[in-house]
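Peer 1: my questions are about this predicted structure, shown below with the sequence.
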Amino acid sequence: APLREASQEILPPRPPAMPAVGRVLLNLMVLMAALVPFFTGGWITPWVQPQGSVIALARLIQDLPADTTVMLSFDYDPAYAGELDPLARAVIRHLAARSVRSVVMSTNPAGVGVASQIYTEVAADSPAYAEYGENYAILGYLPGVEAGLRTLNNTLANAFRTDAVARAPLSELPATRGLATLRDVDHIIILSDNPQSVRRWIEQVRTRNGVSLHALVTARAEPILVPYQQSGQLQTLIGGFQAAEYELVASVRPTALNLADAYAALFVVLVAVAIATNVAHVLGKRQSRKLAR
């Protein structure tokens with residue numbers, strides 16, 4: 001007889017599949033939740049409670065003079081656009097409403113495309129940003145990670161010879177004329193999906209120039225950066241899920257605020273499905289016990 005034991009394949013038990021009627025019903029409930037904003041008209045708005053960091057950034061931008069310059073760095077991939085785009089769009093609309101100049105860059109190769117798309121949308125309904133180069137300019141992608149950020153501490157012309165859209169020297173664009181170093185920028189807003197990217201800004205820029213940093217990050221990155229806000233190295237820290245709160249405080253065109261109705265309806269669907277499945281499970285166990293007796 002062979003000394004090797006015969007192999008046995010143990011298959012884990014599979015839970016019973018949901019009946020076809022249940023799958024159809026679940027799909028219809030999710031579809032109804034997605035269509036809720038077309039009929040409700042923002043009924044969840046009274047329940048939106050803006051947090052302190054959102055109110056602080058909105059008030060800061062509201063009080064900025066028209067000749068102020070704000071730098072935005074789009075340091076996130078398009079994979080996180082669904083979470084960060086609504087917040088970025090709300091902040092840029094607020095800057096445009098205040099006629100604040102903004103210069104845009106990215107330490108992520110894909111960030112320039114994301115920024116261009118958002119600014120194109122905002123420029124379509126904002127007279128202050130209607131013409132490129134007047135009140136906003138997209139500088140482009142800054143490679144080199146830490147070394148690249150260190151070049152910003154000298155002159156902006158060393159980091160960006162020309163802008164990414166018009167391919168013109170920074171001294172020829174009204175939005176960037178007079179910007180020699182980061183000391184000429186009043187605030188820097190970082191939009192990132194990676195806490196390490198925000199830390200690099202703090203280490204390479206904040207510690208050398210003392211410019212005010214504001215971080216708009218994903219929900220997974222926000223808890224890691226809370227100590228930097230508490231220590232004062234970040235003036236404000238806002239999660240991407242707070243876009244609706246910012247739109248409410250800044251009184252800008254609501255997009256995320258309208259989607260909040262769909263999120264609330266989806267939450268109701270999840271709770272209803274959880275209750276229904278647990279009740280069905282308990283009733284199924286009781287029925288099996290009766291049959292066993």
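Peer 2: Perfect, I can see it now.
Peer 1: so which residues make contact with stretch 167-174?
Peer 2: Contact partners of stretch 167-174, identified using CB atoms under 8 Å, 6 or more residues apart in numbering, comprise 133-135, 137, 139, 156-157, 160-163, 166, 176-177, 179. Bear in mind the C-beta positions are built from the backbone N, C-alpha and C, glycine included.
Peer 1: starting at the chain centroid, how far to the longest helix along the chain?
Peer 2: Longest helix in the chain, counting residues (DSSP state H): helix 256-292. Centre-to-centre, helix 256-292 and its host chain are 30 Å apart (CA atoms, centre = their mean, to the nearest Å).
Peer 1: repeat that for stretch 240-252.
Peer 2: The chain centre lies 12 Å from the centre of stretch 240-252; the measure is CA atoms, centre = their mean.
Peer 1: using PDB, list the CA coordinates for it.
Peer 2: What follows is stretch 240-252, C-alpha atoms only, in PDB (Å, rounded to 0.1, in the frame of the first residue of the first chain):
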ATOM      1  CA  GLY A 240     -13.900  64.700   1.200                       C
ATOM      2  CA  PHE A 241     -17.300  63.600   2.600                       C
ATOM      3  CA  GLN A 242     -17.900  67.100   4.000                       C
ATOM      4  CA  ALA A 243     -18.400  68.600   0.500                       C
ATOM      5  CA  ALA A 244     -22.100  69.100   1.300                       C
ATOM      6  CA  GLU A 245     -21.300  70.900   4.500                       C
ATOM      7  CA  TYR A 246     -19.000  73.300   2.700                       C
ATOM      8  CA  GLU A 247     -21.600  74.100   0.000                       C
ATOM      9  CA  LEU A 248     -24.100  74.900   2.700                       C
ATOM     10  CA  VAL A 249     -21.800  77.200   4.600                       C
ATOM     11  CA  ALA A 250     -20.300  78.900   1.500                       C
ATOM     12  CA  SER A 251     -23.700  79.300  -0.300                       C
ATOM     13  CA  VAL A 252     -22.200  78.000  -3.600                       C
END
